[in-house]
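Undergrad: what's the 3D shape of this:
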Amino acid sequence: MDSRTVLAILGYILAVFFPIVGLIYGLVLYFVKGDDEYIKKHAKYMIIIAVIMLIIDIIIVATFGLTFFFFGTTA
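TA: Got it, this is the predicted structure:
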């Protein structure tokens, strides 16, 4: 496995599990290693996935926050 593949896999893992870190990682890859089309393409996808995951995380946190605000804790 070459280094480009490792960079892409690492970026996707970060984008899914740690969206803010994945977003920063994707932006750094896009602007620093943008001369390589393979890296540039995958960095763009990492940024998109990180933004989508960040939006999903915000919606989930807001939903649970409103649920506890209106209904209280169950314990």
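Undergrad: Now do the helices in the chain.
TA: Secondary structure of the chain (DSSP state H): helices at 3-17, 19-32, 37-71.
Undergrad: Relative to Tyr12, how far out is the nearest residue to Asp57 once chain neighbours are set aside?
TA: Nearest non-adjacent residue to Asp57, counting by C-beta to C-beta, 6 or more residues apart in numbering: Pro19, 6.3 Å away. C-beta here means a position set from N, CA and C on the backbone, and glycine is covered the same way. Going from Pro19 to Tyr12 by C-beta to C-beta, to the nearest Å gives 12 Å.
Undergrad: picking up where we left off before, give me whichever of the helices of the chain is most buried.
TA: helix 19-32 (a mean of 17; mean count of other C-beta atoms under 10 Å).
Undergrad: ok so, going back, columns mean pLDDT on top of the helices of the chain, output as CSV?
TA: Formatted as CSV, the helices of the chain follow (pLDDT from 0 to 100):
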stretch, mean pLDDT
helix 3-17, 93
helix 19-32, 94
helix 37-71, 89
